[in-house]
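A.B. asks: Requesting a structural model of the entry that follows:
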Amino acid sequence: QVQLVESGGGLVKAGDSLRLSCEASGRTFISFPMGWFRRAPGKEREFVAAISWNGDSTYYTDSVKGRFTISRDNVRNTAYLQMNSLKPEDTAVYYCAMSLVAGTPSMQGHYTYWGQGTQVTVSS
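C.D. replies: Down below sits the predicted model:
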């Protein structure tokens, strides 16, 4: 039904920036909140950021506030995660997800569709 494809990951140095993209197809992208999650080596997947269907509301986990920005382009059916001032502890596989729950959900269980993930590695 819904396909989410992430891109933009890579290997960068601490302090660098990356922008992740998540292109959606198969369902009306404009109607649903989008989120970004990550799984660091040896850890469980965790919430990073979420954005409401129209982009008016965003929500971030504390560790990325002030450094990461989530946005969306409903014409291009694409969500973005701009990551600045990257730290080695940001190293993880990053996943985008689409929720059928209104608002800016942070719980993984509120997300129905998931991408395959893109690797972000930050060296010190």
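A.B. asks: Across the sheet, point out what pairs with the spatially most central residue of the chain.
C.D. replies: In the chain, the centroid-proximal residue (Cα atoms, centre = their mean) is residue 36; its distance is 2.4 Å. Assessed by DSSP bridges, residue 36 has beta-bridge partners residue 49, residue 96.
A.B. asks: where does this structure dip in pLDDT?
C.D. replies: Within the chain, the stretches with pLDDT under 70 are 27.
A.B. asks: Show me which residues of stretch 26-37 are buried.
C.D. replies: Neighbour counts over stretch 26-37 (16 or more other Cβ atoms under 10 Å) mark 27, 29, 32-37 as buried. Bear in mind the C-beta positions are built from the backbone N, C-alpha and C, glycine included.
A.B. asks: Closest one to residue 87 out of these, please.
C.D. replies: Using Cβ to Cβ, residue 36 comes nearest to residue 87 of these, at 16.2 Å.
A.B. asks: residues contacting the closest one?
C.D. replies: Residue 36 is in contact with 20, 22, 48-50, 70, 79, 81, 94-97, counting by Cβ atoms under 8 Å, 6 or more residues apart in numbering.
A.B. asks: Tell me how many other residues crowd residue 49.
C.D. replies: The number of residues packed near residue 49 is 26, by other Cβ atoms under 10 Å.
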